[in-house]
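Novice: please work out how this folds:
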Amino acid sequence: SKVPPVSAPPKPGLFSGPPSGPGYYSVWDMITGNKKADRPKRPYPPFALMTTPAFDIDFSYLENPEHEKDIFDPVKRIHMGSDWLLSFGGSFWYRYVHETDSRLNAAGTNNDFHLIRTRVHADLWYQDRVRLFAEFLDARAFSPELTPLGIERNHTDMLNLFTDIKLAEANGPVYVRVGRQELLYGSQRLISTLDWANTRRTFQGVKTFWRNQKFDLDAFWVRPMRTEKGDFDNWDTKQNFWGLWGTIKPLPNHLVDLYYLGLDNRNSVSPVNLAANNVLQGDSIIHTWGGRLIGNFDRILYELEGMYQWGERSNLDVSAFAVATGVGYRIPLPMNPAVWIRYDFASGDSNPNDGKSNTFNHLFPFGHYYMGFMDRVGRQNIHDINAQITMNPLPWFTFISQYHRYYLANERDYLYNAAGAATMRDPTGQSGSHVGDEIDFRANFHVSRHQDVLVGYSKLFSGDYLETQRPGVASDLFYVQYNFRF
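Specialist: Got it, this is the predicted structure:
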């Protein structure tokens, strides 16, 4: 029952309490009259997006003979004698997307397209000593009117392919993992699987991890994978990413993250980009120290994270930082409402000719989750004053609304998008700092324990900066997504 020793997903920065008590926890339960006394024990979250890697989904509850039965139970935790354990699983999604100027296209070209993603995995254990995990991925885009993004297509590849070997038992198991693997840490502001992307994000290398009830510690060295749509992916030999991440669990519902991350990126920066001070995408070695406090006191929710960077990029000395802070409250009213008020900041650069670079590098984030679903704004050179409300009108229906007000941290630096790419800049600073305001609405319908439907709409209202840089642009985004997991 303790194999595999999965890592519980860390709390993201905008968490809320799930509904509880008597009720129908899926549409199918309501149709069939299967009213639950309380929230059921199920491995997958009742939401279409799930950043947790497949290898950390916990099916150990199946060892309890009284567990709720399911049609896919026979392919989970197959006992082959007393030493071997085998599981299979997978997922499928379909997403329809309609974009209006969502890439801030001054020509006014809209974009309607379809995404399909299939994942299948096999997981084999020998006692608690050796694990082999393999996960297949196929991600496709259909009928786009604009060029598909790199995160939308990857035909027939491996998302995960690794082995775990137990090294020791030291007040908790110590493992080494070698091979292709997804990484997810802390708030996911710096390292995430990026589940919004059709391809997800993965790395290749080695990780050692130790787990116990009060402390987790990971050390890793990896290289990011380069997505090659029609070929088997290879790692980026010009990037090395390493880190040390510790999580302290001093009290129930409270966590402390402490970490150091290093990124050596030797991809060249073109002379054109050097001349324009667009230097974040290569020729750099960046070190990041950070820490995070997160938790809740009954209904009061809180989070504080600080990150400082130093190093060198394109012969410039780096000194940059970012702060994310917020407070929330679970309101004791029907529909289980939870409200967050937040402020996010990441430094920018004021003078490209002073021998210093002060723009924060957000590394490998889940920016989509924090900085608006339009993906026009990333955690670089930005102030983001934002709020979120989450409600459950019914236990199977989750509604989330966000509001963002964006300002450039420095008017002479670029506006960076969720991928970290520089999109526009006024080197004179005369366009102002108010980028704009964004609203996001998401409605998730938990159809059954295996199925979810997500509907979303986002709208970006141009501020002075966007009105000057991209006059006439009126950006919005609509999408519908169906998920099936087993």
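Novice: how many other residues sit next to residue 325?
Specialist: By other CB atoms under 10 Å, 16 other residues sit near residue 325. In short, each C-beta sits where N, CA and C put it, glycine included.
Novice: ok but it is inside a strand, no?
Specialist: Yes - when DSSP: H, G, I helix; E, B strand; the rest coil is applied, residue 325 is found to be in a strand.
Novice: name the nearest residue to it, ignoring sequence neighbours.
Specialist: residue 304 (4.8 Å; CB to CB, 6 or more residues apart in numbering).
Novice: could you measure from the one you found over to residue 123?
Specialist: To residue 123, residue 304 is 36 Å away according to CB to CB, to the nearest Å.
Novice: how near is the residue nearest to residue 325 to residue 245?
Specialist: Distance from residue 304 to residue 245, by CB to CB: 17 Å.
Novice: residue 216 now?
Specialist: Residue 216 is 8 Å from residue 245, by CB to CB.
Novice: so which strand or helix has residue 232?
Specialist: Using DSSP states H and E, residue 232 sits within no helix or strand.
Novice: whoops, I mixed them up, residue 29
Specialist: With DSSP H and E as the test, residue 29 turns up in helix 27-32.
Novice: can you give me the buried ones in that helix?
Specialist: 27, 28, 29 (16 or more other CB atoms under 10 Å).
Novice: can you list those in CSV and add pLDDT and distance to residue 334?
Specialist: Below are the buried residues of helix 27-32 laid out as CSV (pLDDT from 0 to 100; distance: CB to CB, whole Å):
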residue, pLDDT, distance to residue 334
27, 98, 20
28, 97, 23
29, 96, 19
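Novice: distance to residue 96 added to those, as CSV?
Specialist: Converted to CSV, these look like this (distance: CB to CB, whole Å):
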residue, distance to residue 96
27, 20
28, 23
29, 27
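Novice: of those residues, which is the nearest to residue 322?
Specialist: If you rank those by distance to residue 322 using CB to CB, residue 27 comes first, at 40.1 Å.
Novice: show me which of residue 304 and residue 123 is the more surrounded one.
Specialist: A side-by-side neighbour count of residue 304 and residue 123, using other CB under 10 Å, places residue 123 first with 22 against 14.
Novice: read off the pLDDT value for that one.
Specialist: Residue 123 is assigned 98 on the pLDDT scale.
Novice: so it sits against residue 86, correct?
Specialist: Yes - with contact defined as CB atoms under 8 Å, residue 123 counts as touching residue 86 (7.1 Å).
Novice: buried set for the strand or helix carrying residue 97?
Specialist: Following DSSP H and E, one finds residue 97 within strand 84-100. For strand 84-100, a neighbour-count test (16+ other CB under 10 Å) marks 85, 87, 89, 90, 91, 93, 95, 97, 99, 100 as buried.
Novice: same deal with stretch 35-52?
Specialist: Residues 36, 42, 43, 44, 45, 46, 48, 49, 50, 51, 52 are the ones in stretch 35-52 that count as buried (16+ other CB under 10 Å).
Novice: and it, end to end?
Specialist: 28 Å (CA to CA, to the nearest Å).
Novice: burial check on the residue nearest to residue 136 when sequence neighbours are not counted, number of neighbours?
Specialist: Take residue 136 and drop its neighbours on the chain: the residue closest to it by CB to CB, 6+ apart is residue 120, 4.8 Å away. Neighbourhood size, residue 120 [other CB under 10 Å]: 17.
Novice: surely residue 120 is in contact with residue 75?
Specialist: No - counting by CB under 8 Å, residue 120 does not reach residue 75; the two are 10.9 Å apart.
Novice: shared neighbours, these two?
Specialist: 88, 89 (CB atoms under 8 Å, 6 or more residues apart in numbering).
Novice: the residue nearest to residue 325 bridge partners, please.
Specialist: residue 293, residue 325 (DSSP bridges).
Novice: what's the answer for the one 4 residues further on, then?
Specialist: When bridges are called by DSSP bridges, residue 308 pairs up with residue 289, residue 321.
Novice: next one: the one 5 residues further on
Specialist: When bridges are assigned using DSSP bridges, the partners listed for residue 313 are residue 284, residue 316.
Novice: got the confidence number for it?
Specialist: We have a pLDDT of 96 for residue 313.
Novice: again, but for residue 107
Specialist: Reported pLDDT for residue 107: 61.
Novice: picking up where we left off before, pull the CA atoms of the helix or strand immediately after the strand holding residue 97 in the chain into CSV?
Specialist: From strand 84-100 onward toward the C-terminus, using DSSP H and E, the following helix or strand is strand 111-126. Provided in CSV are the C-alpha atoms of strand 111-126 (Å, rounded to 0.1, in the frame of the first residue of the first chain):
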residue,chain,number,x,y,z
ASN,A,111,-7.5,32.2,-35.2
ASP,A,112,-9.8,29.2,-34.8
PHE,A,113,-8.2,25.8,-34.3
HIS,A,114,-8.5,22.4,-32.6
LEU,A,115,-6.1,20.5,-30.3
ILE,A,116,-6.0,16.8,-29.5
ARG,A,117,-3.8,15.2,-27.0
THR,A,118,-3.4,11.5,-26.1
ARG,A,119,-1.3,10.1,-23.3
VAL,A,120,-0.8,6.4,-22.3
HIS,A,121,1.5,5.1,-19.6
ALA,A,122,2.8,1.9,-18.0
ASP,A,123,4.3,1.7,-14.5
LEU,A,124,6.2,-1.3,-13.2
TRP,A,125,7.5,-1.8,-9.6
TYR,A,126,9.8,-4.4,-8.1
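Novice: so after strand 111-126, what's the next helix or strand?
Specialist: Next along from strand 111-126, by DSSP H and E: strand 130-142.
Novice: apart from its chain neighbours, what residue comes closest to the residue nearest the centre of the chain?
Specialist: With distances taken as CA atoms, centre = their mean, residue 366 lies nearest the centre of the chain, 3.4 Å away. Leaving aside its sequence neighbours, residue 366 sits nearest to residue 192 (CB to CB, 6+ apart; 3.5 Å).
Novice: is it fair to say residue 46 lies in a helix?
Specialist: No - read with three-state DSSP, residue 46 is coil and lies in no helix.
Novice: ok, residues contacting stretch 270-282?
Specialist: Contacts for stretch 270-282 (CB under 8 Å, 6+ apart): 238, 265-269, 313-314, 316, 349, 352, 357, 359, 361, 380, 414, 416, 420-422, 425, 427.
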